[in-house]
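[1] Coordinates for the following, if possible.
(one chain, ligands or ions: 2)
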Amino acid sequence: MAIPVIDFSKLNGEERAKTMAQIANGCEEWGFFQLVNHGIPEELLERVKKVCSEFYKLEREEGFKDSRPIRLLNELVEKKSGDKLENVDWEDVITLVDDNEWPSKTPGFKETMAEYRKELKKLAEKVMEVMDENLGLPKGYIKKAFNDGEGDNAFFGTKVSHYPPCPHSELLNGLRAHTDAGGVILLFQDDKVKGLQILKDGEWIDVQPLPNSIVINTGDQIEVLSNGIYKSVLHRVMTSPDGNRRSIASFYNPPLKATIAPAPQLVEKANQDDLEMVQAYPKFVFGDYMSVYAEQKFLPKEPRFHAVGAM
Ligand code: OGA
Ligand code: NI
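    Ligands and ions are numbered 1, 2, ... in the order given. Now for the predicted structure:
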């Protein structure tokens, strides 16, 4: 079983209806799908891979050697207790947003990543328009919700992550199981080194590496806006004893001050279709959700919706 691979370029041709349906299926049944022919130039993607790997070598690798996960793992191995490490991830990560400090030693990093982020943000907006249409919402509905009305207020971030080889991969995860807090996530994962898995029908399955594809997944805020038609899906990253896995996740989220609620059209439709069904999610301020998430990221998501609904 493999997550769906969808040719995004077919959206503009004869196979538009079929492609729309494939994306609907990816959103409803999987919460994760891979796009090929997504319109991001290959040449740009090649540069992104190059500058990110160079950045890790030049600016991060040395520091990872005395990082918290290494220390905790060494302690555990010395104790020989047979326990696993439950509270740490084997991940090196920096986050790029428009106005934070970016790494400056790696030639071409800033320019390339700025160009990449611009392209990815446009792709996120295209994907959101497809979701609008598939959900029967007015064009631009999700974008507007994630921009707190008009304008350009979305929070668009890019995590540059590496999962270095781990000498005891049986003792901890690269990234513990979670769902993503925000809106739409676009992941550019390693060409060869696998590690990302999603929970599908009770089974962990690999998100198979596919060079230069972009993996799309839906976060908790898409679940809320869609009134549960699109669920955020649990995923995790496994460690491996060989290979340094590169993964670049960009997330299109609402700003902290945005109010998020299920789309009224979808609540009404749910009510018509099934009298038992009421609005399945509360209305809340996204910043409040993030406060809850900061405490409960690696716990089941349902209590997060309850907690923020009670705030
Ligand atoms: C995340 C995430 C997966 C990866 O950052 O939320 O799930 O492959 N990342 O790095
Ligand atoms: Ni995630």
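[2] List phi and psi for the residue in the chain that ligand 1 sits nearest to.
    Proximity of the chain to ligand 1 (C-beta to the nearest ligand atom) peaks at S247, 3.5 Å away. For glycine as for every other residue, the C-beta is placed from the backbone atoms N, C-alpha and C. Main-chain dihedrals, S247, degrees, to the nearest 10: phi -150, psi 130.
[3] Kindly report the same for the one 10 residues further on.
    Note on K257: its backbone torsions stand at phi -80, psi -10 [degrees, to the nearest 10].
[4] With P103 instead?
    Per-residue torsions, P103: phi -60, psi 140 (degrees, to the nearest 10).
[5] cool, L199 as well?
    Phi and psi for L199, reported as degrees, to the nearest 10, are phi -90, psi 110.
[6] Heading C-terminal from the longest helix along the chain, find the next helix or strand.
    Using DSSP state H to define each element, the chain has its longest helix at helix 109-135. On the C-terminal side of helix 109-135, the nearest following helix or strand under DSSP states H and E is helix 141-146.
[7] helices or strands next to the following helix or strand past that next one in the packing?
    Next along the chain after helix 141-146, taking DSSP H and E as the criterion, comes strand 155-163. Applying 3 or more C-beta pairs under 8 Å, 6 or more residues apart in numbering; DSSP states H and E, we find strand 155-163 packed against strand 92-96, helix 109-135, strand 245-253.
[8] Put the alpha carbons of strand 155-163 into PDB.
    Provided in PDB are the C-alpha atoms of strand 155-163 (Å, rounded to 0.1, in the frame of the first residue of the first chain):
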ATOM      1  CA  PHE A 155       1.900  32.400   8.600                       C
ATOM      2  CA  PHE A 156       4.100  30.600   6.100                       C
ATOM      3  CA  GLY A 157       7.100  28.800   7.600                       C
ATOM      4  CA  THR A 158       9.700  26.300   6.300                       C
ATOM      5  CA  LYS A 159      11.400  23.800   8.500                       C
ATOM      6  CA  VAL A 160      14.700  22.600   7.200                       C
ATOM      7  CA  SER A 161      15.300  19.200   8.900                       C
ATOM      8  CA  HIS A 162      17.900  16.500   8.900                       C
ATOM      9  CA  TYR A 163      17.600  13.100  10.500                       C
END
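[9] Pull up the pairing partners for it, direction included.
    Using DSSP bridges, strand 155-163 pairs in its sheet with strand 92-96 (antiparallel), strand 245-253 (antiparallel).
[10] Could you dump these into TSV with mean neighbour count and mean pLDDT added?
    Listed next are the strands paired with strand 155-163 as TSV, based on neighbours: other C-beta atoms under 10 Å; pLDDT from 0 to 100:
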stretch	mean neighbour count	mean pLDDT
strand 92-96	16	97
strand 245-253	23	98
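[11] Can you add distance to G202 and give those strands back as a markdown table?
    A markdown table is the format used below for these (distance: least, C-beta to C-beta, whole Å):
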| stretch | distance to G202 |
| --- | --- |
| strand 92-96 | 29 |
| strand 245-253 | 25 |
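[12] Out of those strands, which is closest to N37?
    With C-beta to C-beta, the closest approach to N37 among the strands paired with strand 155-163 belongs to strand 245-253: 18.6 Å.
[13] CA-only coordinates of the closest one in PDB, if you can.
    Extracted in PDB, the C-alpha atoms of strand 245-253 (Å, rounded to 0.1, in the frame of the first residue of the first chain):
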ATOM      1  CA  ARG A 245      17.600  12.100   5.700                       C
ATOM      2  CA  ARG A 246      16.900  15.600   4.500                       C
ATOM      3  CA  SER A 247      13.300  16.900   4.800                       C
ATOM      4  CA  ILE A 248      12.000  20.300   4.100                       C
ATOM      5  CA  ALA A 249       8.500  21.000   5.400                       C
ATOM      6  CA  SER A 250       6.600  24.200   4.500                       C
ATOM      7  CA  PHE A 251       3.400  25.000   6.400                       C
ATOM      8  CA  TYR A 252       0.700  27.400   5.400                       C
ATOM      9  CA  ASN A 253      -1.000  28.300   8.600                       C
END
